[in-house]
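Peer 1: Here is my input; please provide its structure:
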Amino acid sequence: MDDLFAPPAYAWQRLSPRYVSLRRVTTLVVAPLLLFVPALIVGLGFGLWWLAAVFWGLAVVIVVVRFVLIGRTYRSWGYVEREDDLYITRGVLFRSLVAVPYGRMQLVEVASGPLERSFGLATVTLKTASAETDASIPGLDPAEAARLRDRLTELGEAQASGL
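Peer 2: Prediction:
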């Protein structure tokens, strides 16, 4: 089964190490915040402090589990620019390998939200005619994202002109 996701004979490009820090910050903010408010409502509104403690405990478990998985998830991401297509791999439990032919690309998008910008990161997303294409690469340095955007656009135009 591992042969299915075996890397081709090319060097896999990896995400920026700052992507790990971004994921850790979002984990520390989102999980406790989503469970903190219900815990306060249950504790203050109904006096069920034992249930509030369960919510807080659940938040701690979620944060710990996500912290353990963030490193593995980070290491699972990679991409390879080949002659005719782009390979993107990701996933720990549910592994995925996507091959996007350059001639099928319709749009290459670079996005960076406020939190990504604060960590100096960007995401490159590839759009094809298929609605099911899930080809995005998060956690790239802005310079690498711009280089990849320009290269993919150039290769996409060259491949599409042969159709």
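
Peer 1: When you work out contacts or count neighbours from here on, use the C-alpha atoms and nothing else.
Peer 2: Noted.

Peer 1: what's the burial count for the residue lying closest to Gly91 once chain neighbours are set aside?
Peer 2: Nearest residue to Gly91, sequence neighbours excluded (CA to CA, 6 or more residues apart in numbering): Ser76, at 5.6 Å. Using other CA atoms under 10 Å, Ser76 has 16 neighbouring residues.

Peer 1: Tell me the pLDDT of Ser76.
Peer 2: Looking at Ser76, its pLDDT is 93.

Peer 1: Low-confidence ranges, this protein, go.
Peer 2: Scanning the chain for pLDDT under 70 picks out 1-3, 6-8, 160-163.

Peer 1: need the helices for it, in chain order.
Peer 2: With helices called from DSSP state H, the chain shows them at 18-40, 46, 49-76, 114-118, 142-161.

Peer 1: circling back: quickly note the distance from the residue nearest to Gly91 to Val92.
Peer 2: Ser76 sits 6 Å away from Val92, going by CA to CA, to the nearest Å.

Peer 1: do Gly103 as well
Peer 2: Counting by CA to CA - Gly103 and Val92 are separated by 29 Å.

Peer 1: If you count surrounding residues, which of those two has more?
Peer 2: Remark: of Gly103 and Val92, Gly103 carries more neighbours, 20 against 14, as counted by other CA under 10 Å.

Peer 1: Quick check: that one touching Leu152?
Peer 2: No - using CA atoms under 8 Å as the test, Gly103 is too far from Leu152 to be in contact (9.8 Å).

Peer 1: Name all residues that make contact with the residue nearest to Gly91.
Peer 2: Thr89, Arg90, Gly91, Val92 (CA atoms under 8 Å, 6 or more residues apart in numbering).

Peer 1: can you tell me which two in the residues you listed are farthest apart?
Peer 2: The largest separation in the contacts of Ser76, counting by CA to CA, is between Thr89 and Val92 at 10.2 Å.

Peer 1: Of all the residues in stretch 90-103, which ones are buried?
Peer 2: Residues Arg90, Leu97, Val98, Ala99, Val100, Pro101, Tyr102, Gly103 are the ones in stretch 90-103 that count as buried (16 or more other CA atoms under 10 Å).

Peer 1: actually stretch 58-78, sorry about that
Peer 2: Ala59, Val60, Val63, Arg66, Phe67, Ile70, Gly71, Tyr74, Arg75, Ser76, Trp77, Gly78.
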